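In: dropping a prediction and its sequence here:
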Amino acid sequence: MQFNQLEEIAAAVQTCTLCPLHTGRVQGVPGEGPTDAEIMFIGEGPGYHENRQGRPFVGPSGQFLDELLALAGLQRHEVFIGNVVKCRPPDNRDPLPDEIEMCTSTYLMRQIELIDPKVIVPLGRFSMNLFIPGAKITQIHGQPRRINGRLIVPMMHPAAALHQPRNRELIAEDFRRLPDILARADSIDPVDPAPRSGSTPSAAMPPPEPPPEQMRMF
């Protein structure tokens, strides 16, 4: 299935039955933000509050994310925020590999194509593994690297600071560096990490291309 607009993806998510996660769905959470966002944040999946409101990062982690965005001189309406999976995993369990593959290949990768952000910020290990399989978020957080033509800046998930307060300043410092990374996005050209044996998710990431003209938000 091929989507030409973000609104089409948002509508499809609400009726999706491609994986078992739909059985616990109150509302799908396709993501939100401008279609020409320069920065795209990708979390793990909806939680309790997100499942009911249909919006990403509206619980305690979302409140902290708003604080972090402010440290970077950003507001929600300026960035796109989404997740690896669009429906809440039961009991907040980790999303399963098949669920991740189905949801990202159908929806997330197409969102990346349409938005064509300058910088992608994976929040946490599940979204990081889409682009840098097998890496440790504790070792590479905040370090920009170009993969398949896209600038990826992995960061710890905001929930990591809620569970382990010592991570709070680490995450905050990474966000403070975002404006500089964005300003230098076109000139940053780190060497791509070597492919890891048996890991192919990053190869599926769409390369940058001019997106269709869209100026609406959802």
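Out: Right, received. Where do you want to start?
In: so what touches the longest helix along the chain?
Out: Longest helix in the chain, counting residues (DSSP state H): helix 60-71. Helix 60-71 is contacted from outside by 41, 43, 47, 49-50, 56-57, 75-76, 79, 81, 157-159, 161-162, 171-172, 175-176, using CB atoms under 8 Å, 6 or more residues apart in numbering. In short, each C-beta sits where N, CA and C put it, glycine included.
In: again, only this time at 6 Å
Out: 57, 158, 159, 162, 172, 175, 176 (CB atoms under 6 Å, 6 or more residues apart in numbering).
In: where along the protein do the strands fall?
Out: 39-43, 80-83, 119-122, 145-147, 150-152 (DSSP state E).
In: could you redo those strands as a markdown table and give each row mean neighbour count?
Out: A markdown table is the format used below for these (neighbours: other CB atoms under 10 Å):
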| stretch | mean neighbour count |
| --- | --- |
| strand 39-43 | 26 |
| strand 80-83 | 26 |
| strand 119-122 | 23 |
| strand 145-147 | 17 |
| strand 150-152 | 23 |
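In: pipe these into TSV and attach distance to residue 96 and mean pLDDT per row.
Out: Below are the strands of the chain laid out as TSV (distance: least, CB to CB, whole Å; pLDDT from 0 to 100):
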stretch	distance to residue 96	mean pLDDT
strand 39-43	17	99
strand 80-83	15	98
strand 119-122	18	98
strand 145-147	24	93
strand 150-152	23	96
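In: re earlier: gap between the longest helix of the chain and the chain center?
Out: 15 Å (CA atoms, centre = their mean, to the nearest Å).
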